[in-house]
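Trainee: Structure, please.
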Amino acid sequence: MTPETAAAYSLLNAAAVRERAHRMLALGLDDKLPHFRVDLDRLDAAVDLVVAAIDKNYPTRDIPFHSRWRHFVTAGLDHHASLAAAFTDKMTRARADFDLAIVSVLLDAGAGPQWRYRDPVTGEEFSRSEGLALASFDMFTRGAFSHDPANRLRANANALAKLDIKALRDSFQVSDANLLLGLEGRAELLRSLGHLIAQRPEIFALHDSPRPGGFFDHLVAKSKGGAIAAPLILSELLVQFGPIWPSRLTLGGVPLGDCWWHPSLVTADATSGLVPLHKLSQWLTYSLIEPLQWAGFTVTDTDGLTGLAEYRNGGLFIDTGVLVLRDPADAARSHDVATPLVVEWRALTVALLDRLAEALRRRLGMDEKSLPLAKVMEGGTWSAGRLIARQKRADGSPPLNVISDGTVF
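Mentor: Below you'll find the predicted structure:
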C-alpha cells in the first residue's frame, strides 16, 4: 500500500470526520474561516428549540434513533410492520431489511420544495424525507428492485443494475408539475450499486444471490460474540460501497466519497485540505443498526459515529445565529456542494452537533448512554431545524441553497 493509499483510507471513518470537523470549528472560534463567523453565545437558543421539539415529540424522553425507519411511520401507521410480518426467519428478514434500508437511503437525497408523493392507499400527500421513504417503500414492496416476481420483498444486483429512469420517475410520481431534484443521480447511484454487488459475491452473496442485503452477512462475519461496533459498520460501508459514488476526489486510487476540499484545513500529509463528511453513509449506518438489533445482535459505540452534515441540522445553526455568513448576500445565491462555503458549513455542523449534544444532556440531566447523538438528532435537532426553517421561510427551505446531484444530502 502506497503512502497516498494509506492516507486515503485514514479518511474513511467516523473519527476522521469528527477530528477535521472540530478542527474547522477551532478555526471558526479563532475567526479564521473565510465564510462563517461562529457565535457560541447563540448555542443556548438552539438548545431551547431542541428541548421544545423533544417536549412536543417525545415528552416521556423515550426517543428512538434517527434513522430511515422513522420515515416509514406516517400518521401513526407503521408501513414496515406489514413487511416484517412476512418473514418468520430473523436472518432472512434482516437481509430484506438491509435491502430496503440501503436502497431507500440511497434514494433519500434532498427532494426540493416542490415535490410531493401521494400515498396510493390513503390519498395523503407527503414531501421531502417522508415522501421519499414511502415512494421507495412502495417500489420495494411491488418488487421493483427484485429479479424474481415470485419473491418481491428483496433487491437484487441484476434488477438494480438495469433500473430504468422512467420506472423511477413513474414510481416517484415525477412530472413537470411535480419536480424531484437529482432524479438521474439517484437512478445512476442504484445502477452503480447493482453493478458493484454483482462484481463482489465474496461480500454480497455469502448466503444468497448478490443483493444489498448480503452486506448483513458480511457484518455478521465481522461481529464478535454477537456484537459489532457502529464505527466498524461505517468503515465497512465506506470501503465496500465506495466505488458507487460519482467521480469526485480520489487519493492513491481510492475514491473518497462525501469528502471535499477546503483551503483552511491544512495538514502535513497527503490529506491536506480534505474534509470527510460521509453524510449518506452515516445515515445508512444509523439505519442498519436496528435491523441488526432485530436479528439479535448488539451494536456498540453508536456515539463513535458523528452527527449528520445535512441541511436540517446545519440550517438550525444558521437560523439560530450560531453560524453567521460573512457575506449576507450568500443567503440569496446558489452554491455548488463542492464549494468551500458549503464544505465549511457542513463541517461546522458536525462539530456543533457535538457541542449542542453536550449542552442538551446537561439541560435534561441525561448522559451519552441515555441520549446518544442518534437520539439528539431524532428528538431533536432535525425536527427543530425543520420547524425554524418553516418559521423563517414560507416553503420551509434551508437557509442556503445548495446545488446537489441527488447523492449528497
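Trainee: Pull out the buried residues from the helix or strand hosting I54.
Mentor: Applying DSSP states H and E as the criterion places I54 in helix 43-57. Counting neighbours by 16 or more other C-beta atoms under 10 Å, one finds that the buried residues in helix 43-57 are L43, A46, V47, L49, V50, V51, A53, I54. Bear in mind the C-beta positions are built from the backbone N, C-alpha and C, glycine included.
Trainee: One more: stretch 308-323?
Mentor: Residues 308-320, 322-323 are the ones in stretch 308-323 that count as buried (16+ other C-beta under 10 Å).
Trainee: if we can go back for a sec, format the CA atom coordinates belonging to the helix holding I54 as CSV.
Mentor: The C-alpha trace of helix 43-57 is given here as CSV (Å, rounded to 0.1, in the frame of the first residue of the first chain):
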residue,chain,number,x,y,z
LEU,A,43,-26.0,27.9,21.1
ASP,A,44,-28.4,28.1,24.1
ALA,A,45,-31.1,29.4,21.7
ALA,A,46,-30.6,26.3,19.5
VAL,A,47,-30.7,24.1,22.6
ASP,A,48,-34.0,25.8,23.6
LEU,A,49,-35.6,24.9,20.2
VAL,A,50,-34.3,21.3,20.5
VAL,A,51,-35.7,20.9,24.1
ALA,A,52,-39.1,22.3,22.8
ALA,A,53,-39.1,19.7,20.0
ILE,A,54,-38.3,16.9,22.3
ASP,A,55,-41.0,18.0,24.8
LYS,A,56,-43.5,18.0,21.9
ASN,A,57,-42.5,14.9,20.1
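Trainee: Number of residues surrounding the closest residue to W261 other than its chain neighbours?
Mentor: Once flanking residues are discounted, W261 sits nearest to G273: 4.9 Å by C-beta to C-beta, 6 or more residues apart in numbering. By other C-beta atoms under 10 Å, the residues close to G273 number 16.
Trainee: Can you read off the pLDDT for G273?
Mentor: The model reports G273 with a pLDDT of 97.
Trainee: That one and R23, how far apart?
Mentor: Using C-beta to C-beta, to the nearest Å, G273 is found at 12 Å from R23.
Trainee: Mutual contacts of the two, please.
Mentor: L265 (C-beta atoms under 8 Å, 6 or more residues apart in numbering).
Trainee: Could I get the contacting residues of the residue nearest to W261?
Mentor: Counting by C-beta under 8 Å, 6+ apart, G273 touches W261, H262, P263, L265, V266, T267.
Trainee: List the buried residues of stretch 350-358.
Mentor: V350, A351, L352, L353, D354, R355, L356, A357.
Trainee: I figured G28 hits L348, correct?
Mentor: Yes: with contact defined as C-beta atoms under 8 Å, G28 counts as touching L348 (6.0 Å).
Trainee: ok, the two, which is more surrounded?
Mentor: Legend: neighbour count by other C-beta under 10 Å for G28 and L348, higher for L348 (26 against 23).
Trainee: just checking, the more buried one touches F36?
Mentor: Yes: counting by C-beta under 8 Å, F36 is a contact partner of L348 at 6.3 Å.
Trainee: How about F204: what's its closest non-neighbour residue?
Mentor: G214 is the one closest to F204 (C-beta to C-beta, 6+ apart), at 3.5 Å.
Trainee: Number of residues surrounding that neighbour?
Mentor: Neighbours of G214 using other C-beta under 10 Å come to 24.
Trainee: Next up, the contacts around it.
Mentor: Taking C-beta under 8 Å, 6+ apart, one finds R95, F98, I197, I203, F204, A205, L206, H207, D208 in contact with G214.
Trainee: Separate out the buried members of these.
Mentor: Buried among the contacts of G214 (16+ other C-beta under 10 Å): R95, F98, I197, I203, F204, A205, D208.
Trainee: pretty sure the fourth one belongs to a helix, no?
Mentor: Yes: applying DSSP: H, G, I helix; E, B strand; the rest coil, one finds I203 inside a helix.
Trainee: Setting aside sequence neighbours, what's the nearest residue to D301?
Mentor: Counting by C-beta to C-beta, 6+ apart, the residue nearest D301 is A229, at 4.6 Å.
Trainee: State the distance from the one you found to T381.
Mentor: Applying C-beta to C-beta, the value for A229 to T381 is 24 Å.
Trainee: Check S235 too.
Mentor: Remark: distance between S235 and T381 (C-beta to C-beta) = 24 Å.
Trainee: any residues in contact with both of L348 and F36?
Mentor: Counting by C-beta under 8 Å, 6+ apart, the residues touching both L348 and F36 are G28, L323.
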